[in-house]
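Undergrad: Sequence first, predicted model second:
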Amino acid sequence: MKTLKLILLTLLVTTVFSCQETTSEQNEVSEPVTEIQNDIEKVEPPHWWIGFKNQDLQLLVKHPNIGKATAKINYAGVSIVESHTADSPNYLFLDVEISESAKAGKFNITFQLEDQSELIQTYELKSREKSAEDYVGFNSSDAIYLITPDRFANANPENDEVDGLLQQGIDRTDGYARHGGDLQGIINHLDYIENLGFTAVWPCPVLINDMPKGSYHGYAMTDFYKVDPRFGTLEDYKKLASDLDSRDMKLIMDQVANHCGLEHWWMKDLPFKDWVNYQENYEKNIDNWNSKTTITSNHRRTSNQDLYASKKDNQGMTDGWFVSGMPDLNQRNPFMAKYIIQNSIWWVETLGLGGIRQDTYPYPDKDFMSHWAGSIMAEYPNFSIVGEEWSYNPLLIAYWQDGHKNADGYDSNLKSTMDFAMQRTIVEALNEDESWDKGLVKMYEGLANDFVYASPKDIMVFPDNHDMSRIFTQLDGNITNTKMALSYLLMMPRIPQIYYGTEILMDDFDKPGDHGLIRTDFPGGWEGDTVNAFTGEGLKEEQKDMQSFFTKVLNYRKSSEAIHKGETLHFAPSDGVYVLARMIDNETVVHIINKNEEAQDIDLSRFEELGLSGKTLTNIISKETLIWNSSLKLEGKGSTILTTKTL
């Protein structure tokens, strides 16, 4: 028995030493790459970087019968920790460790098949172009310009149609067809965007949507690592990012962790039986797939917070598909979870992003979303992510923001959420007649809800977006009310987002709420347009005036410390007048809304605590100056913005 134990112990020591020796060899010996080899159908991420805090990398390998292969890497500082087979024989998942000693460079991954033949894939580790701390995200000093790329400007008509894609052709008369806008169209008009006063650009998704219809909007991705060729190339995307960076502006990427497009390449060969939610139902009905056979989400988003929510309701919310053409990704599958996190980091690093906007934030598994956001913020401590929570309840908006003390202990790691509540409040307040509980008091009380937020200035506010009626339509075509709405949200302790075309009063009056009409082509973005908003040619006077209004307010806001991070003080509306101030050190900005059609003299003694008595203030729009004394005359309905700074 002692002899047997000794033999077993010897074998164990030999085995351990052998494993250590293999690992050591992989970490110390590099086989030089003499030629690039791409025997494997797909490896994702397509490349990676050295120098991350998290040294783990998981490679998705897709190739016929690759699951039976044995993978090897001989590159100093890089080792395969574990290989995972999937339910499909055509996948292999490799857990790779990249040590601190690893150098940037190319190396081969060798896959030895059962018949002893080999497939070789060259992989690359790159050096990071800047430090993690230098990835600074959007914040309250920014003003974000939201663009639907297909509808902004067509700079390259040659990519309007791409052979082999399911949806062909462009038709600018059809709101749901492709119109031809592209990345180069945005690049060509950055001067316009910058001159208006914006500091960040958020394009709706530009990754490939190889879907048979409705592909223009970008939210049904069919490859998470590929730019849609109808928008341009990866190099075009990088150029947009670099051109923005050279202007000290930021690029925000619109990402989707909840779903993909039905034509995503993996839907034809799913790696695991639980890669997407309700996968069994999909596979059973694949030959008759439509809205009736789809198990869709119940959209009961409150089930994420509801102390009394049934498991059935919560599952129906989280697992149900958004629509039949958007398979719901199962983030509880650890390989899917890793895939999504790595994909987000890959794009941050590839583009040098200044932020991520995450679509349909409450729909994925919420524990995963906390892990996703936390993983990104751990690598990029100064970064920013905003999540779309379409709720009019401030309590629900607050729940998703990092630092909020939730009763269930949930911590989202999400820096910013979207203020749908304030958006609706502003519209209601300006459309209503003044009374004790209607009108401006709603804006006043809406802002008073900020006590529930962990950090109000990090919340994103907006007058409208790509999914709702244009603000000019919501305010019944009233230009003065539109200016009051815009100036108010640009003065608030928030991060403002403005949808393209708001500056020229774009509307959807012909069919309110219609997405195709909301996402109308920007005039001047296509050759032959009779109106050109970029140059002003053909614009009506009220449109030019709104452009001028934006330019003055946004360019003042750019350098206003009071608006970026100052104290906020407001006074309850009285007689149709609402006063809000932002203050820091030697700068005070006063925003006054007057809903009265006639001129008003307001008694300034009520605002004594602003400390402005006897000071000279300048009107940001008219550049006129005044002395803040006992009273102030407001010349009819509208907003007045005054500053103590010299303009």
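TA: In hand now; what should we look at?
Undergrad: sec struct for residue 93, please.
TA: Under DSSP: H, G, I helix; E, B strand; the rest coil, residue 93 falls in the strand class.
Undergrad: Would you quantify the distance from it to residue 156?
TA: 38 Å (CB to CB, to the nearest Å). Using the backbone N, CA and C atoms, a C-beta is placed for each residue, glycine as well.
Undergrad: what's the answer for residue 436, then?
TA: With CB to CB as the criterion, residue 436 and residue 156 are 57 Å apart.
Undergrad: Bridge partners for the residue nearest to residue 92 when sequence neighbours are not counted, pull those for me.
TA: Closest residue in space to residue 92, ignoring its immediate chain neighbours: residue 61 at 4.3 Å, by CB to CB, 6 or more residues apart in numbering. Going by DSSP bridges, residue 61 is paired in beta bridges with residue 43, residue 92.
Undergrad: right, and residue 61 touches residue 90 too?
TA: No. Look at residue 61 against residue 90 with CB atoms under 8 Å: they stay out of range, at 9.2 Å.
Undergrad: Have a look at these two and say which one is more surrounded.
TA: Taking other CB atoms under 10 Å, residue 61 and residue 90 do not tie; residue 61 has more neighbours (24 against 16).
Undergrad: residue contacts, that one?
TA: By CB atoms under 8 Å, 6 or more residues apart in numbering, the residues touching residue 61 are 40, 42, 43, 71, 91, 92, 93, 94, 111, 121.
Undergrad: ok, how many other residues are close to residue 547?
TA: Residue 547: 19 neighbours (other CB under 10 Å).
Undergrad: Secondary structure element for it, which one?
TA: helix 541-558 (DSSP states H and E).
Undergrad: and whichever helix or strand comes after that helix, what does it pack onto?
TA: Once the chain leaves helix 541-558, the next helix or strand it forms, by DSSP H and E, is helix 561-565. Judged by 3 or more CB pairs under 8 Å, 6 or more residues apart in numbering; DSSP states H and E, helix 561-565 is in contact with strand 577-584, strand 587-594.
Undergrad: got the angle for the last one vs helix 541-558?
TA: Angle, strand 587-594 to helix 541-558, by axes from the mean of the first three to the mean of the last three CA atoms, to 10 degrees: 150 degrees.
Undergrad: Need the CA coordinates for the helix or strand that strand 587-594 is followed by. PDB is fine.
TA: As assigned by DSSP H and E, the chain's next helix or strand after strand 587-594 is strand 600-603. Provided in PDB are the C-alpha atoms of strand 600-603 (Å, rounded to 0.1, in the frame of the first residue of the first chain):
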ATOM      1  CA  GLN A 600     -44.700  91.900 -16.800                       C
ATOM      2  CA  ASP A 601     -42.900  94.000 -14.200                       C
ATOM      3  CA  ILE A 602     -41.500  91.600 -11.600                       C
ATOM      4  CA  ASP A 603     -40.500  92.600  -8.100                       C
END
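Undergrad: ok, and what's touching strand 600-603?
TA: Residues contacting strand 600-603 (CB under 8 Å, 6+ apart): 575, 576, 577, 592, 594, 630, 631, 632, 633, 634.
Undergrad: Any buried residues in the helix holding residue 547, and which?
TA: Under the neighbour-count criterion of 16 or more other CB atoms under 10 Å, helix 541-558 has 543, 546, 547, 549, 550, 552, 553, 554, 555, 556, 557, 558 buried.
Undergrad: Double-check the second one against residue 507; I have them as touching.
TA: Meaning residue 546. No. At 11.9 Å, residue 546 does not count as touching residue 507 under the criterion of CB under 8 Å.
Undergrad: quick one, strands of the stretch 301-450 of the chain?
TA: 356-358, 385-387, 416-417 (DSSP state E, counting those that start in this stretch).
Undergrad: Show me the one of the ones you listed that comes nearest residue 345.
TA: strand 356-358 (10.2 Å; CB to CB).
Undergrad: what's the distance between that closest one and the middle of its chain?
TA: 2 Å (CA atoms, centre = their mean, to the nearest Å).
Undergrad: pLDDT score for the nearest residue to residue 471 once chain neighbours are set aside?
TA: Nearest residue to residue 471 in three dimensions, chain neighbours excluded: residue 463, at 3.8 Å (CB to CB, 6+ apart). Per-residue confidence at residue 463 stands at 98 (pLDDT).
Undergrad: for residue 14, same thing?
TA: According to the prediction, residue 14 has pLDDT 36.
Undergrad: Going by distance to residue 328, which of the contacts of residue 61 wins?
TA: The closest of those to residue 328 turns out to be residue 91 (CB to CB; 19.9 Å).
Undergrad: mind checking how far the closest one is from residue 283?
TA: Using CB to CB, one gets 16 Å for the distance from residue 91 to residue 283.
Undergrad: which one of those two has more residues nearby?
TA: Between residue 91 and residue 283, counted using other CB under 10 Å, the more crowded position is residue 91 (23 against 12).
Undergrad: which SS state does the residue lying closest to the more buried one once chain neighbours are set aside fall under?
TA: Using CB to CB, 6+ apart and skipping residues adjacent in sequence, the residue nearest residue 91 is residue 271, 4.4 Å away. Following three-state DSSP, the label given to residue 271 is coil.
Undergrad: what's residue 271 in contact with, if anything?
TA: Neighbour list for residue 271: 60, 86, 87, 88, 91, 93, 335 [criterion: CB under 8 Å, 6+ apart].
Undergrad: burial count for the nearest residue to residue 427 once chain neighbours are set aside?
TA: Nearest non-adjacent residue to residue 427, counting by CB to CB, 6+ apart: residue 474, 4.9 Å away. Number of residues near residue 474 (other CB under 10 Å) recorded here: 26.
Undergrad: What of residue 292?
TA: 8.
Undergrad: Tell me the predicted confidence for it.
TA: Per-residue confidence (pLDDT) for residue 292: 96.
Undergrad: can you pull the contacts of the closest residue to residue 535 other than its chain neighbours?
TA: Leaving aside its sequence neighbours, residue 535 sits nearest to residue 524 (CB to CB, 6+ apart; 6.6 Å). Neighbouring residues of residue 524 by CB under 8 Å, 6+ apart: 153, 531, 532, 533, 534, 535, 537.
Undergrad: can you do 7 Å?
TA: Contacts for residue 524 (CB atoms under 7 Å, 6 or more residues apart in numbering) come out as 531, 532, 533, 534, 535.
Undergrad: Of these - the most surrounded one?
TA: Highest neighbour count within the contacts of residue 524: residue 533, with 23 neighbours (other CB under 10 Å).
Undergrad: thought that one was touching residue 539?
TA: Yes. Shown here, residue 533 and residue 539 form a contact pair, counting by CB atoms under 7 Å, at 6.1 Å.
Undergrad: so what sits against both of the two?
TA: With CB under 7 Å, 6+ apart as the test, residue 533 and residue 539 both reach residue 504.
Undergrad: which residues touch the residue nearest to residue 558 when sequence neighbours are not counted?
TA: Setting aside the residues directly before and after it, residue 558 is nearest to residue 197 in space (CB to CB, 6+ apart), at 5.8 Å. For residue 197, the contact set (CB under 7 Å, 6+ apart) comprises 143, 550, 551, 554, 555, 557, 558.
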